[in-house]
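Participant: sequence plus predicted model, see below.
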Amino acid sequence: MKFARILAGSVLAASVSTAAIAQDDSLDTPEERLSYTIGMDIGSSLSEQGMELDLDLLVEALRASYNGEETRLTQEEALAERDAFMQRRQQQMEAQREEEAGANLEAGQAFLAQNRERDDVMETESGLQYRVVEEGDGASPSAEDRVTVHYKGTLIDGTEFDSSYARGEPATFALNQVIPGWTEGVQLMSEGAKYEFFIPSELAYGEQGRPGPIGPNATLIFEVELLEVADSESQE
């Protein structure tokens with residue numbers, strides 16, 4: 001919940017004229033149009049937060065505060081209520097995240113268990129699963145090497161969250177600076193190879209997940225082409 005954004009909108013609203021809008025609903029003056037515009041901004045911001053509000057009370061408090069009239073709550077009481085709301089919202093978000101993490105973990109385990117039955121899928125001791133799409137005949141990297149790859153990452157439901165193909169250029173990085181599933185998996189490859197990796201959450205982003213579509217405990221799928229290996233010493 002971004003209270004600062006809402007409060008900023010409220011302060012801005014209090015800085016403009018509160019001239020009544022004509023009965024014919026016209027917005028003729030700059031003050032009327034600006035007042036209405038700010039109302040739209042505040043309404044949209046509040047709606048995005050998913051809060052249940054009494055709009056009549058909201059307008060009453062806004063008008064009283066703007067006009068310097070006595071309000072039903074003191075500033076101390078309002079601050080306490082704001083803090084209590086923030087705490088409730090944080091608890092709700094944590095509960096939702098825990099529920100999502102449990103669902104993702106269960107779905108990922110079921111997916112990997114089914115995937116394990118495929119004849120073309122192999123699994124390492126760590127739980128990393130992979131499928132050889134095409135073998136290469138070049139060098140294989142160590143964990144300390146830098147590699148250049150093309151790749152596409154998806155969730156198990158097919159949602160694509162990253163792709164060097166879509167960006168139109170490969171990625172280069174140190175192999176020991178990525179998620180464990182990548183560090184382990186790409187070392188199995190040779191230059192020119194293309195593999196598909198099925199990475200359990202503990203070898204990916206774990207319970208933290210990532211901003212965007214990669215939620216907590218998400219199992220990830222990557223298609224990876226190893227284009228080039230450059231050892232770390234040659235890059236110094």
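Facilitator: Yep, that arrived.

Participant: residue ranges with poor pLDDT in the protein?
Facilitator: Scanning the chain for pLDDT under 70 picks out 1-24, 231-236.

Participant: can you do 50?
Facilitator: By pLDDT under 50, the low-scoring segments of the chain are 1-23, 232, 234-236.

Participant: now the helices for it?
Facilitator: Using DSSP state H, the helices of the chain run over residues 3-13, 30-48, 55-67, 75-115, 164-167, 180-186.

Participant: tell me what the longest one is packed against?
Facilitator: Meaning helix 75-115. The contact analysis (3 or more C-beta pairs under 8 Å, 6 or more residues apart in numbering; DSSP states H and E) places helix 75-115 against strand 194-199. For glycine as for every other residue, the C-beta is placed from the backbone atoms N, C-alpha and C.

Participant: what's the strand it packs on packed up against?
Facilitator: Secondary elements touching strand 194-199 (3+ C-beta pairs under 8 Å, 6+ apart): helix 75-115, strand 129-134, helix 180-186, strand 220-230.

Participant: let's have these in TSV, adding mean neighbour count.
Facilitator: Below are the helices and strands packed on strand 194-199 laid out as TSV (neighbours: other C-beta atoms under 10 Å):
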stretch	mean neighbour count
helix 75-115	13
strand 129-134	16
helix 180-186	22
strand 220-230	20
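
Participant: circling back to that earlier point, the helices of the chain: which one's closest to D157?
Facilitator: Judged by C-beta to C-beta, the one of the helices of the chain that comes nearest to D157 is helix 75-115, at 8.4 Å.

Participant: next, the angle from that closest one to strand 129-134.
Facilitator: 60 degrees (axes from the mean of the first three to the mean of the last three C-alpha atoms, to 10 degrees).
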